[in-house]
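Undergrad: structure, please.
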Amino acid sequence: MKLFDVYPLFPINIVRGKGCRVWDENGTEYLDLYGGHAVISIGHAHPHYIEAVSRQVANLGFYSNSVVNRLQQQLADRLGKACGYEDYSLFLINSGAEANENALKLASFHTGRSRVLSAAKAFHGRTSLAVEVTDNPKITAPINNSGHVTFLALNDLEAWCSELKKGDVAACIIECIQGVGGIQMASAEFMQGLRQACDEYGTVLICDEIQCGYGRSGKFFAHQHLSVRPDIITVAKGIANGFPMGAVLIAPQFEPVYGRLGTTFGGNHLACAAALAVLDVIEGEGLIENAAVVGQHLIDNLKAFSSDNIKDIRGRGLMIGIQLGTPYKEIRNSLLFEHHVFTGCAGTDVVRLLPPLCLSIEEADEFLEKLHKVI
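TA: Next up, the predicted model:
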C-alpha cells in the first residue's frame, strides 16, 4: 500500500531532535525555526517532558472518558491559572480543527443561530465546520459549502458590525494573528469594537489561538495584547509539544448538556501528562517571557535589514512573517538546503517563523546571519 499523497515533501528524513535543533538520517544538523507548524513549544526531546510521558505510559496510556481522569482536572486547574481564565470550563479533544468544530457547535447551540462571520485569509482547520470558516476554496468541498459563512476583511469593523446588526449571527471567529494568512494582525481597535458589537447583538466571539496562542506571541494568548475577553478560546498545537491534543476554553455562561459534545481519545491520560509537562517547562523556564524578548530581537534586526527582497516584517513574539519581494520558495529552499534552517511559508511571498519558545538570542543571530547571506 502506498501513502495517499497530500503534501509536497522535502527529501529529508528527520530522525532526532534536541531543543531547537533536528538531525536527519545522514546526521545533518538543522536549526528548526518552524517547530512542525508551531507544535513544538518547549523544544524537541526536553528531558522533563520525556520523563513525564514515559512515566505515564508505563502506568496507563489510555482509558475512556466514562471514568474519572484526575489528570484532566489537574490540567484544567493549571491552565486556568496560567492563562488567567480560571472561571472558564475546559473541553479536551485531539486537534485544532476539532477545537474549532466544537466551538462553532457550542455557539450555534447557545444562540440558536446558524450564521458565522470569519475573516478573509482565515485558516481554521480541515474538518467540516472548520473548513467552512476557512477562506480557501481549494479545500472547501461542495458538502462543506452551506452558505452559512460570510468572509469579511480583517480589521474592517464597519463591515463586521453591519453584518452583526442583522441579528442572525451565531459566532464571529478570529485569529488575532493569522498564520496561514501571512501573519496578518488584528488591531486592538477592531477587536475591542467587535467585542462590544457581539455583546450588543448576542453573538459569540471565538478566538482561534491554535497557532498564535500558548505563549507564542509573548503573552499566553495573542488576544491578551488587545485587551479583549472572548467567549470561547480554541487551542492545540503547542499544548502538548507534539502529542495530538486540542482544547476549548468555554466562558461560564455556556451550560453543559450531556450528549452534545463528546470524544473517544480527547483528554486521555497520556495527552494530559504531556500537556502538564509542557506547562511545567513553560512556567519553570520562563518561555513566554523568552518568546517576547527573542521575538522582539528578531523583529528589530529583520526590520534593520537593507534589502529590496524584504518588503515587510510582521508579528509578535516568536510568530513572525517576512514578506518578500520575490517568491518565498527560492529563499526558503536556499535556507534549508544550503544553510540547514527550517522555516515555513504563507501564500507565495511570506517566510513564516514559528520556532520553539526556547529559541535563544544566539540561535536567532545564527538565523539572521544565514538569512542575510541568502537575501
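Undergrad: now do the helices in this structure.
TA: Ranges of helices within the chain are 35-38, 47-59, 70-83, 96-111, 128-132, 157-164, 188-201, 269-284, 287-304, 328-339, 361-374, based on DSSP state H.
Undergrad: can you give me the neighbour number for A271?
TA: Around A271 there are 29 other residues, counting by other CB atoms under 10 Å. Where you see a C-beta, it was placed from the backbone N, CA and C, and this is true even at glycine.
Undergrad: residue contacts, it?
TA: With contact set as CB atoms under 8 Å, 6 or more residues apart in numbering, A271 has these partners: L92, N94, A240, F243, P244, M245, F265.
Undergrad: check A120 too.
TA: D135, F151, L152, A153, L154, G181.
Undergrad: how far away is it from D135?
TA: 5 Å (CB to CB, to the nearest Å).
Undergrad: so what sits against both of these two?
TA: Residues touching both A120 and D135 by CB under 8 Å, 6+ apart: F151, G181.
Undergrad: in the stretch 151-300 of the chain, where is pLDDT below threshold?
TA: Applying pLDDT under 70 to the stretch 151-300 of the chain flags no residue at all.
Undergrad: my guess is F151 contacts A119. True?
TA: Yes - with contact defined as CB atoms under 8 Å, F151 reaches A119; the gap is 6.9 Å.
Undergrad: who touches both of these two?
TA: Residues touching both F151 and A119 (CB under 8 Å, 6+ apart): D135.
Undergrad: higher neighbour count, the two?
TA: A119 (26 against 15).
Undergrad: quick one, what contacts that one?
TA: A119 touches D135, F151, L152, A153, L154, I173, I174, E175, Q178, G181, counting by CB under 8 Å, 6+ apart.
Undergrad: how many residues are close by the first one?
TA: Look at D135: counted by other CB under 10 Å, it has 18 neighbours.
Undergrad: equivalent analysis for the fourth one, please.
TA: Residues lying near A153 (other CB under 10 Å) number 14.
Undergrad: again, but for the third one
TA: Neighbour count for L152, taken as other CB under 10 Å: 19.
Undergrad: with adjacent residues omitted, what lies nearest to it?
TA: A159 (4.8 Å; CB to CB, 6 or more residues apart in numbering).
Undergrad: next one: that neighbour from I183, what distance?
TA: The gap separating A159 from I183 is 22 Å, by CB to CB.
Undergrad: between those two, which one's more packed in?
TA: A direct count of neighbours by other CB under 10 Å for A159 and I183 places I183 higher, at 26 against 13.
Undergrad: the more buried one touches E175, doesn't it?
TA: No - taking contacts as CB under 8 Å, I183 lies outside contact range of E175: 10.1 Å.
Undergrad: who touches L249 in this structure?
TA: So L249 contacts L79, C83, Y85, Y88, S89, L90, I232, I233, T234, V235 (CB under 8 Å, 6+ apart).
Undergrad: partner residues bridging the residue nearest to it when sequence neighbours are not counted?
TA: Using CB to CB, 6+ apart and skipping residues adjacent in sequence, the residue nearest L249 is I233, 4.1 Å away. With beta bridges defined as DSSP bridges, I233 has these partners: C207, L249.
Undergrad: ok, the nearest residue to C83 once chain neighbours are set aside to Q253 distance?
TA: Of all residues not flanking C83 in the chain, F220 sits nearest, at 4.3 Å (CB to CB, 6+ apart). Distance from F220 to Q253, counting by CB to CB: 22 Å.
Undergrad: comparing those two, which residue is more hemmed in?
TA: Neighbours per residue (other CB under 10 Å) separate F220 from Q253, with F220 holding more: 20 against 8.
Undergrad: my read is that that one contacts G84, right?
TA: Yes - counting by CB under 8 Å, F220 touches G84, with 7.0 Å between them.
Undergrad: re earlier: relative to P230, how far out is the residue nearest to L152?
TA: Counting by CB to CB, the separation of A159 from P230 is 20 Å.
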